[in-house]
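S.K.: give me a 3D structure for the following:
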Amino acid sequence: MFKTARMQKFRVVVLQSERDDVVSRLHEAGIVQIKEAVEPELVRKALGDEFFEVSALLAKLEGMRTVLGAPGLKRPLKVKERTREQVVREAKRTIEKLGPRLEALGAKRKEIESEGQKLLTQREALKDFLEVKFSLQYLHPTDEFYVAIGRVSEDVVGEFIATARETLSQKVIAAMLGKGEKKSVVVACRVRDQPKLAPVLYRYGVEFLELPPAPLVPGVAMERLDKQIAGLEKLEKRLEKEIAKLTKAWARDVNRLAEELGIKKERLEACSAFGYSEAAVLIEGWVPVKKTAGLESIIASATRGRCVFRAYEPQKGEVEQVPIQLENPPVAKDFEFITTMYGTPRYDEVDPTPLLTVSFAIFFGICLSDIGYGAILTIFMLSGFWFAKAFPSDVRRTLAVAGVCAIVMGVLTGSLFGPTLPAIWSDPTRDPLPLLKLAIVIGILHLLVAFGVAKTLKDAFRRRWAKVVFEDISRAALIAGFFGLGFCVLGFSLRSLGIDFTFPKMGLAEAFNPLAPAPAIVVVLRALFYAGLVGGLIGAILISPGVRAKFGGAINTVYGIISLVADVTSYARLMALGVATGVIAYLLNYIVGLAFSGMVRPNLALSPAVILAGLVLIGIAFVLLIGHIFNLFIGSLAGFIHTMRLHFAEFFGKFYEGGGEEFAPFKAKRVFTEVKGGEWPGR
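M.R.: Reported below is the predicted structural model:
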């Protein structure tokens with residue numbers, strides 16, 4: 001935990017005659033990431049003719065798959081591992097036998113689709129001219145007459161026609177067509193009057209229409225188009241029946257061959273990364289430590305022991321090249337997507353996902369703070385509803401955990417679709433101060449974890465012990481001491497948080513004066529504050545390179561105290577969102593309650609008005625339902641965004657770098673096939 005999966009760099013030397021078998025087994029096992037061999041005395045082989053042959057055949061098969069579609073298998077086909085030559089020969093035979101026919105059918109399908117789309121476009125264009133009882137060719141402009149056809153709003157169509165006639169001194173022909181909000185208009189005038197008409201068209205926002213190429217009367221042309229479209233649909237059905245027969249007979253084999261060729265192509269690409277001598281091949285890559293023994297067993301089995309296998313720990317200069325595989329417990333694993341949104345951790349730094357798992361769920365729960373909303377969110381995300389499945393599975397489980405935290409906060413604050421229950425702890429809609437105190441304390445603890453745990457571990461992993469002492473631990477001590485003394489200045493009480501303790505009230509100068517007499521707790525806080533401050537100053541001088549950097553580092557240590565206040569203040573947004581969710585729910589309930597009291601309850605005793613009261617009651621219930629759904633959506637969205645913001649800006653910014661490269665295993669992607677006997681040790 002807190003560390004990514006340990007990786008080792010491996011190097012394998014095998015005979016060239018056994019290369020393909022080794023690569024096949026590695027590909028099926030899917031436990032290594034191949035890297036380019038960089039030994040200067042070895043040569044790299046460029047992609048050869050066999051690669052381009054496989055690529056060309058694969059492209060043709062992919063085109064055939066597009067026409068045939070998926071075979072609809074219930075389970076993958078069990079196949080034997082075959083050589084590239086065997087797969088290529090079968091692919092050529094299949095393409096030669098089926099390719100021309102499928103190519104013709106595919107071209108015919110595209111032709112029908114294109115022609116159908118063309119006819120539908122013409123039909124749609126004719127709809128605006130169905131009232132015209134003559135051929136549309138008479139509406140085309142000539143050398144003497146300008147014709148404008150377009151749409152204009154129904155509210156101004158009369159005014160538009162009147163203005164056009166007035167502007168052109170009645171030397172214009174204008175007609176209106178169609179029904180609805182937008183009217184089609186036809187305006188004709190002499191060509192020399194067109195400059196006068198143009199401003200009128202612009203002023204009334206005329207949307208110009210393209211005159212469809214229909215030499216017939218629009219109604220007749222529409223009937224002919226409908227017949228043509230119907231004929232195309234029949235032709236398309238016959239074509240699809242023919243394709244369906246071929247799909248039933250060939251789709252399984254074509255998809256199987258395409259998958260096998262794709263795998264062969266990936267293996268040929270991998271071989272171009274190897275180093276070659278006259279008789280041997282060097283394969284390099286990365287493997288998780290837990291899989292190293294299995295990898296060695298695979299190589300030994302494929303070569304019958306005729307190989308040289310070595311595995312090494314990454315050197316200091318290779319840290320940035322080591323691929324990253326996150327390794328977290330099941331619950332924390334669902335929160336990994338949040339970490340990787342910021343950036344994949346480097347091999348030598350802390351994976352913050354376990355810390356994030358706890359704090360993210362708690363922060364979101366505080367923002368939502370409602371039993372009903374939390375329960376609906378949890379049930380919805382864990383359900384099989386089609387809309388819920390639009391979210392990735394890890395996001396659903398993350399929000400379900402966060403929903404449980406919202407339920408807990410709702411119990412503490414007495415919120416069930418608003419503040420409707422007695423609060424076990426405190427109702428923030430009546431008194432938000434306890435929730436504000438909680439948010440501030442959480443913010444301080446979050447910063448303490450960032451410096452005292454996460455950053456300390458990161459620098460310990462990198463063996464930067466001076467930073468551990470003078471930066472990380474010192475900053476954590478400074479935070480604890482500074483805010484503790486600040487609480488003394490405020491006389492901060494923890495009783496509202498369930499802790500029977502109040503910081504002793506002191507003046508500002510007295511609290512931070514190391515020589516002034518004070519209670520033991522204040523003495524401890526002073527010691528933490530000044531130890532952290534002095535440690536930070538010493539660290540800036542010792543660690544920073546150059547005089548300017550040392551001087552600037554010392555100033556930043558002192559100035560950084562102000563930024564810490566700003567960081568902690570930012571956590572007040574947890575209180576604001578928690579209160580906002582409760583207040584909106586309360587207002588919804590209150591408004592609906594007023595409507596019920598004023599419109600429904602008085603009419604329940606009057607028999608003629610009972611039906612009306614029932615209808616109003618249904619409407620009120622609908623408004624209440626929609627309002628709470630909207631509040632749940634807005635509260636969840638705001639809670640998620642602001643929780644992310646607190647982690648990315650205030651938390652990750654203190655220690656996390658990111659920039660790692662995710663482990664990309666060299667693994668065969670099989671959907672339609674499954675290799676018989678394809679399970680090797682270590683897989």
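S.K.: what's the helix or strand where L485 lies packed up against?
M.R.: Per DSSP states H and E, L485 falls inside helix 474-490. Counting contacts by 3 or more C-beta pairs under 8 Å, 6 or more residues apart in numbering; DSSP states H and E, helix 474-490 packs against helix 433-449, helix 508-512, helix 520-543, helix 547-570. No exception for glycine: its C-beta is placed from N, CA and C like everyone else's.
S.K.: so which of those helices comes closest to E284?
M.R.: The closest of the helices and strands packed on helix 474-490 to E284 is helix 520-543. By C-beta to C-beta, the value is 36.1 Å.
S.K.: report the angle between the closest one and helix 547-570.
M.R.: Angle of helix 520-543 versus helix 547-570, following axes from the mean of the first three to the mean of the last three C-alpha atoms, to 10 degrees, is 140 degrees.
S.K.: identify all contacting residues around helix 520-543.
M.R.: With contacts defined as C-beta atoms under 8 Å, 6 or more residues apart in numbering, helix 520-543 is touched by 466-467, 469-471, 473-482, 484-485, 488, 503-504, 506, 511-512, 514, 518, 550, 553-554, 556-558, 560.
S.K.: just the strands in the stretch 151-300 of the chain please.
M.R.: Using DSSP state E, counting those that start in this stretch, the strands of the stretch 151-300 of the chain run over 173-177, 182-190, 207-208, 275-276, 280-288.
S.K.: deepest of those, which one?
M.R.: strand 280-288 (a mean of 21; mean count of other C-beta atoms under 10 Å).
S.K.: paired strands for that one, with orientation please.
M.R.: Paired neighbours of strand 280-288 in the sheet (DSSP bridges): strand 7-15 (antiparallel), strand 33-35 (antiparallel), strand 275-276 (antiparallel).
S.K.: what's the pLDDT at A46?
M.R.: On pLDDT, A46 comes in at 88.
S.K.: could you do T83 as well?
M.R.: According to the model, T83 scores 89 on pLDDT.
S.K.: quick revisit: would you show me how to pick out the buried ones of the contacts of helix 520-543 in PyMOL?
M.R.: Buried residues within these, by 16 or more other C-beta atoms under 10 Å, are selected in PyMOL with:
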select buried, resi 467+469+470+471+473+474+475+476+477+478+479+480+481+482+484+485+488+503+506+511+512+518+550+553+554+557
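S.K.: how far does the helix or strand where V331 lies sit from its chain's centre?
M.R.: V331 is part of helix 330-333 when elements are defined by DSSP H and E. Counting by C-alpha atoms, centre = their mean, to the nearest Å, helix 330-333 is centred 18 Å from the centre of its parent chain.
S.K.: go ahead and name everything in contact with the helix or strand encompassing F51.
M.R.: Assigned by DSSP H and E, F51 falls within helix 49-68. The contact list for helix 49-68, computed with C-beta under 8 Å, 6+ apart, reads 84, 88, 91-92, 94-95, 98-99, 102-103, 105-106, 109, 243, 246-247, 250-251, 254-255, 257-258, 261-262, 264-265, 268-269, 272.
S.K.: got a list of contacts for the helix holding L485?
M.R.: Here helix 474-490 makes contact (C-beta under 8 Å, 6+ apart) with 444, 447-448, 451-452, 455-456, 492, 503-508, 511-512, 521-522, 525-536, 539, 560-561, 564, 568.
S.K.: how far away is the residue in the chain sticking out farthest from the centre from I379?
M.R.: The outermost residue of the chain relative to its centre, with distances by C-alpha atoms, centre = their mean, is S169 at 62.2 Å. As for S169, its distance to I379 is 73 Å (criterion: C-beta to C-beta, to the nearest Å).
S.K.: can you list the weak-confidence ranges in the stretch 101-250 of the chain?
M.R.: The model of the stretch 101-250 of the chain has pLDDT under 70 over residues 178-181.
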